[in-house]
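A.B. asks: Following is a predicted model, sequence given first.
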Amino acid sequence: MHSSSTATPAGGGLPALGLIAMLDDWFRTLRIPMPMATWRKLPRSAAYKYEYINGYALISPRPACCNATLDFASFLKSPHLQSPDIRTRTMEESEWDALPPLMSMAFWRVTPFESLTDKRRLVAAKDCLLHTRSGGDGPLIPGACVIATQTDQQQPVGAALVTLRKPASGQDAPIPLLTWIFVHPWIFRRGIGQTLLAAVVQRLAAMGHHRMESCILLANPQSLAWHWAMGFSLMRDRLGLASLRRNQR
């Protein structure tokens, strides 16, 4: 891929909870008649709970996320693929309107967007981006939000949006969060995600930041793999356990 979806709640708390809250409106509950033998063979997604009740398969949303962190010093020391025909620039306020169609296409095979029609998926993309733009994921860091374009075009083919959140303890400095990063599906696997991430890290490091966080849906294995390849590590809680959060219904 890379179309990684990340988000954080405004004003503090764990970023995973904000991602679940933002996307929760776009998950669908399914109730399908089928024999139990068929239900047992259904493929499972980490974003859903599977039940069998009175001859019906009940598939209800229960998305889970993990939180990850990226150390800038380590990232900047490591070589990263840079796409030669891609340019990055700091995003302008006027470019917000170009992002919903791009996001809609980037996430067309990612839960929960994959279950929506093209029209509904575009509405969902507009809703998520408006939430971020209006501060729902914490204050934007405009100087760290980046657009990627092909060298011979001005239309964005990728974007990374970064917000700022207060740590859960309230004692440390606010932490940048990679809220959204996505690339047009026609040009996946050309290093554009890495190019965007490098541009974000360079900008944040110049502002005096030393790390940033991200939050990943467990039902998005491509995003999990991409974050690992980029050097993100799972965050640990006070008990030393990997930070996992699930929506409770």
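C.D. replies: Looks like it came in fine.
A.B. asks: going forward, measure contacts between C-alpha atoms and count neighbours the same way
C.D. replies: Will do.
A.B. asks: List the residues that contact Asp178.
C.D. replies: Asp isn't right for residue 178; it's Leu. For Leu178, the contact set (C-alpha atoms under 8 Å, 6 or more residues apart in numbering) comprises Thr6, Ala7, Ala160, Leu161, Val162, Thr163, Met212, Glu213, Ser214, Cys215.
A.B. asks: any idea which of these is least confident?
C.D. replies: By pLDDT, Ala7 ranks lowest within the contacts of Leu178, coming in at 34.
A.B. asks: Kindly report the domain assignment for the chain.
C.D. replies: 3-26+65-246, 28-62 (automatic domain parsing).
A.B. asks: Deepest in the core, which of these is it.
C.D. replies: Among these, ranked by average contacts under mean count of other C-alpha atoms under 10 Å, first place goes to domain 3-26+65-246 (a mean of 19).
A.B. asks: can you give me the helices for this structure?
C.D. replies: Remark: helices assigned in the chain by DSSP state H are 15-23, 36-41, 72-77, 99-106, 118-133, 192-206, 221-230.
A.B. asks: got JSON lines for these, with mean pLDDT and distance to Cys66 too?
C.D. replies: Listed next are the helices of the chain as JSON lines, based on pLDDT from 0 to 100; distance: least, C-alpha to C-alpha, whole Å:
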{"stretch": "helix 15-23", "mean pLDDT": "47", "distance to Cys66": "6"}
{"stretch": "helix 36-41", "mean pLDDT": "94", "distance to Cys66": "27"}
{"stretch": "helix 72-77", "mean pLDDT": "91", "distance to Cys66": "20"}
{"stretch": "helix 99-106", "mean pLDDT": "94", "distance to Cys66": "21"}
{"stretch": "helix 118-133", "mean pLDDT": "91", "distance to Cys66": "19"}
{"stretch": "helix 192-206", "mean pLDDT": "95", "distance to Cys66": "19"}
{"stretch": "helix 221-230", "mean pLDDT": "90", "distance to Cys66": "9"}
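A.B. asks: Switch these over to CSV; also include distance to Met91.
C.D. replies: Listed next are these as CSV, based on distance: least, C-alpha to C-alpha, whole Å:
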stretch, distance to Met91
helix 15-23, 22
helix 36-41, 46
helix 72-77, 21
helix 99-106, 11
helix 118-133, 12
helix 192-206, 11
helix 221-230, 22
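A.B. asks: Which one of the ones you listed lies nearest to Thr149?
C.D. replies: With C-alpha to C-alpha as the measure, helix 192-206 is the member of the helices of the chain nearest Thr149 (9.4 Å).
A.B. asks: which outside residues touch the closest one?
C.D. replies: The contact list for helix 192-206 (C-alpha under 8 Å, 6+ apart) reads 2, 72, 80-83, 86, 88, 143-148, 158-160, 181-183, 210, 230.
A.B. asks: again, only this time at 7 Å
C.D. replies: Helix 192-206 has contacts (C-alpha atoms under 7 Å, 6 or more residues apart in numbering) with 2, 72, 80-83, 88, 144-146, 148, 160, 183.
A.B. asks: Stretch 138-152 now?
C.D. replies: 9-11, 85-91, 155-165, 196, 200, 203-204.
A.B. asks: Ends of that stretch, what's the gap?
C.D. replies: Length of stretch 138-152, first residue to last, C-alpha to C-alpha, to the nearest Å: 34 Å.
A.B. asks: starting at the chain centroid, how far to that stretch?
C.D. replies: Between the centre of stretch 138-152 and the centre of its chain there are 15 Å (C-alpha atoms, centre = their mean, to the nearest Å).
A.B. asks: now do stretch 130-143
C.D. replies: The answer for stretch 130-143 is 14 Å, by C-alpha atoms, centre = their mean.
A.B. asks: end to end, how far does that stretch reach?
C.D. replies: The first residue of stretch 130-143 is 18 Å away from its last residue (C-alpha to C-alpha).
A.B. asks: residue contacts, the residue of the chain most remote from its centre?
C.D. replies: Most distant residue from the mean C-alpha position of the chain: Asn54, 36.6 Å away (C-alpha atoms, centre = their mean). By C-alpha under 7 Å, 6+ apart, no residues touch Asn54.
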